[in-house]
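Visitor: Task: produce atomic coordinates for the following.
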Amino acid sequence: MKFNENLAAIHAYLCADGYAIKNPKTQKHKYYRIGFRNINLILLRDFQKRFKKYFKIKPRLVRGQRCEIGSREIYENLTEKFGSFYSREWRMPKLNKEFSRAWLRTFFDCEGWVTCKTHQNRHIGADCVNEKGILQIKQALIRLGISPWIKKRLDREIFSLKIYGKENLVKFSKDIGFLHPLKKEKLKQAINDFVNYYWSFPKGNLEKKNFLKKIMLEKVKVKRDNGVIRIISNKEVNLLNLQKELNNIFNIESKVNKRINGIGTIYFQLNINKKEELKKIVKNKLLSEKEKEKWLKSKK
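Guide: Predicted structure coming up:
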């Protein structure tokens, strides 16, 4: 049996939610079954398609249940080459990067999940009772440049593999990915949930001027009662850089202060309150129409 992408995926399907079994010795009736259990039709069809391409025979598909075939020859070929596919006994084969990606995609399609708790917990995970197998998966991910960690559950003999961090999730999405549509969409949400809170100021003067206008138009808030201009950020360096460039490009002076809200969260605020500086803001068209209207009303 020569490895290709189809056999790599078939092997992973059998390790995850599949089986290659024969009748017990105590039974007279002999059978040899190779199959894959899953409720997802896309995965069932993928198993069926790959099995047919590799073994030239099409397994029977039962929607929402399984895809299965009986064949002594295929059973013996698989078990002689790979050994057992039982949950505690399977092993990930040594594969090149291309076939390893196919194997990992299939395994995580079956056993994996994606968590996206906005701005708090975003990760890919998989639970497994097979310690040696999950350690092999960890090493395969590392070879692809993805850094996972494994922890044994305290309540059960289960090992949890998890992948954290935007860089790791992006690399997983690009190099491995999901065929399972819900997991694919959840991974996209998790990646998009990462927000870069740091403002990246360009170097050229024209680019910098346009960037400042964009920041001001999007983030300036005007107090209705006195016309004071405020910009808030949870990163002090953003406002210090903004303060510096407003002075350099538009000759506008401002102050940056540390603040604490009612629940104890620290944030930073840039204030512009001198009349002369406020006039420069309006003159240089650094206010949105909505905030400019509020500033004009504050003057009355």
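
Visitor: Check the secondary structure at residue 296 for me.
Guide: Secondary structure state of residue 296, per DSSP: H, G, I helix; E, B strand; the rest coil, is helix.

Visitor: burial measure for it, as a count.
Guide: A total of 13 residues lie near residue 296 under the criterion other Cβ atoms under 10 Å. Heads up, the C-betas are built off the backbone N, CA and C, glycines and all.

Visitor: And it, how far from residue 285?
Guide: Distance of residue 296 to residue 285, given as Cβ to Cβ, to the nearest Å: 14 Å.

Visitor: Can you name the residues in contact with stretch 198-217?
Guide: Outside stretch 198-217, the residues that touch it by Cβ atoms under 8 Å, 6 or more residues apart in numbering are 231, 233, 235, 237-238, 241-242, 245-246, 249-250, 281, 284-288.

Visitor: Next, the contact list for residue 285, please.
Guide: By Cβ under 8 Å, 6+ apart, the neighbours of residue 285 are residue 213.

Visitor: Let's see that with 10 Å instead.
Guide: 213, 216, 217, 292 (Cβ atoms under 10 Å, 6 or more residues apart in numbering).

Visitor: With respect to pLDDT, which of these ranks lowest?
Guide: Ranked by pLDDT, those bottom out at residue 292, which scores 82.

Visitor: Surely that one forms part of a helix?
Guide: Yes - membership of residue 292 in a helix is supported by three-state DSSP.

Visitor: Do you have the helices of the stretch 151-300 of the chain handy? List them.
Guide: Here the stretch 151-300 of the chain has its helices, by DSSP state H, counting those that start in this stretch, at 166-175, 181-192, 205-219, 236-250, 275-283, 289-298.

Visitor: list the buried ones in the shortest one?
Guide: Read it as helix 275-283. Buried residues in helix 275-283, counted by 16 or more other Cβ atoms under 10 Å: 277, 278, 280, 281.

Visitor: And the helix or strand bottoming out on mean pLDDT in the chain, how far out from the chain middle?
Guide: Least confident helix or strand of the chain, by mean pLDDT, DSSP states H and E, is helix 289-298 with a mean of 81. Relative to its chain's centre, helix 289-298 lies at 41 Å (Cα atoms, centre = their mean, to the nearest Å).

Visitor: before we move on, what about stretch 184-198?
Guide: On Cα atoms, centre = their mean, the centre of stretch 184-198 falls 6 Å from that of its chain.

Visitor: Just the buried subset of the contacts of stretch 198-217, written out for PyMOL, thanks.
Guide: Here is the PyMOL selection string for the buried members of those, based on 16+ other Cβ under 10 Å:
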select buried, resi 231+233+238+241+242+245+246+249+250+281+284+286+287+288
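
Visitor: List the residues that contact the closest residue to residue 250 other than its chain neighbours.
Guide: In this structure, residue 250 finds its nearest non-sequential neighbour in residue 284, 5.3 Å apart by Cβ to Cβ, 6 or more residues apart in numbering. For residue 284, the contact set (Cβ under 10 Å, 6+ apart) comprises 209, 212, 213, 216, 246, 249, 250, 251, 252.

Visitor: about what we covered before: buried residues, the least confident helix or strand of the chain. List them.
Guide: 291, 292, 294, 295.

Visitor: Dump the buried residues of helix 275-283 into CSV; add pLDDT and distance to residue 136 as well.
Guide: Formatted as CSV, these follow (pLDDT from 0 to 100; distance: Cβ to Cβ, whole Å):
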residue, pLDDT, distance to residue 136
277, 88, 63
278, 86, 64
280, 89, 64
281, 88, 61
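
Visitor: now, which of the residues you listed sits nearest residue 225?
Guide: Closest to residue 225 out of these is residue 278 (13.9 Å), distances taken as Cβ to Cβ.

Visitor: wait, doesn't residue 114 sit right on residue 177?
Guide: No - contact criterion Cβ atoms under 10 Å: residue 114 and residue 177 do not qualify, at 11.5 Å.

Visitor: Of these two, which one has the most company?
Guide: Legend: neighbour count by other Cβ under 10 Å for residue 114 and residue 177, higher for residue 114 (24 against 16).

Visitor: which other helices and strands contact the strand or helix carrying the more buried one?
Guide: Using DSSP states H and E, residue 114 sits within strand 112-117. Secondary-structure packing of strand 112-117 (3 or more Cβ pairs under 10 Å, 6 or more residues apart in numbering; DSSP states H and E): helix 97-111, strand 121-128, strand 159-164, helix 166-175, helix 181-192.
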